[in-house]
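Asker: no letters, just coordinates:
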């Protein structure tokens, strides 16, 4: 063996042989060398051992901040297996499924309303949103939308962010 691997393997093999066979001095002393071999290194005092619950807490925090990105490389999630990480993401999203479905439903309604406008009306809506912002436009939409279940302020914010 050559290179770095050879330099690493030889001392490890030597230590393993010494641990299994023991060592004795030339004057027939029967004291054996004690070598402790650990299969998993214990965390140093500065390292933190994160659990799947820590990863879920990070994902939950990211969801609340609307920062939904892959967190598998973050310290709280990095040591999880792929299956554990997928489970953590699934648990967090499942906890918000009603909100996710409601948001998607609202967006479909907003998109349909937008598509029902002719291009000139779309441009006018965007001009109003640019000039006055979503709040006053949401109020105006509230005066024209017949369905009281539609949040026209949220609709104006959506249109401003996604369509204009």
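Answerer: In hand now; what should we look at? Only a predicted model underlies this, so the values are computations on that prediction, with no experimental measurement involved. Residues are numbered from 1 along each chain as shown.
Asker: so what pLDDT did residue 146 get?
Answerer: Residue 146 carries a pLDDT score of 86 in this model.
Asker: and it, what helix or strand is that in?
Answerer: Using DSSP states H and E, residue 146 falls within no helix or strand.
Asker: please begin residue numbering at 9 from this point
Answerer: New numbering, starting at 9: the last item is residue 154.
Asker: residues contacting it?
Answerer: Going by CB atoms under 8 Å, 6 or more residues apart in numbering, residue 154 touches no other residue. In this view, the C-beta of every residue, glycine as well, is placed from N, C-alpha and C.
Asker: distance of the spatially closest residue to residue 134 that is not a sequence neighbour from residue 72?
Answerer: Distances taken as CB to CB, 6 or more residues apart in numbering place residue 172 nearest to residue 134, at 3.7 Å, with adjacent residues excluded. From residue 172 across to residue 72, the span is 26 Å (CB to CB, to the nearest Å).
Asker: returning to that earlier point: the residue nearest to residue 134 touches residue 139, doesn't it?
Answerer: No - the criterion here is CB atoms under 8 Å, and residue 172 misses it with residue 139 at 11.1 Å.
Asker: who's more crowded, these two?
Answerer: Looking at residue 172 and residue 139 with other CB atoms under 10 Å, you find the greater number of neighbours at residue 172, namely 15 against 9.
Asker: can you tell me the SS state at residue 80?
Answerer: Recorded secondary structure, residue 80: coil (DSSP: H, G, I helix; E, B strand; the rest coil).
Asker: my read: it touches residue 91, true?
Answerer: No - with contacts counted by CB under 8 Å, residue 80 stays clear of residue 91, the gap being 11.8 Å.
Asker: of these two, who's got more company?
Answerer: Neighbours per residue, other CB under 10 Å: of residue 80 and residue 91, the larger number sits with residue 80, 14 against 8.
Asker: leaving out the residues flanking it, which one is nearest to that one?
Answerer: Excluding its sequence neighbours, the residue lying closest to residue 80 (CB to CB, 6+ apart) is residue 93, at 5.2 Å.
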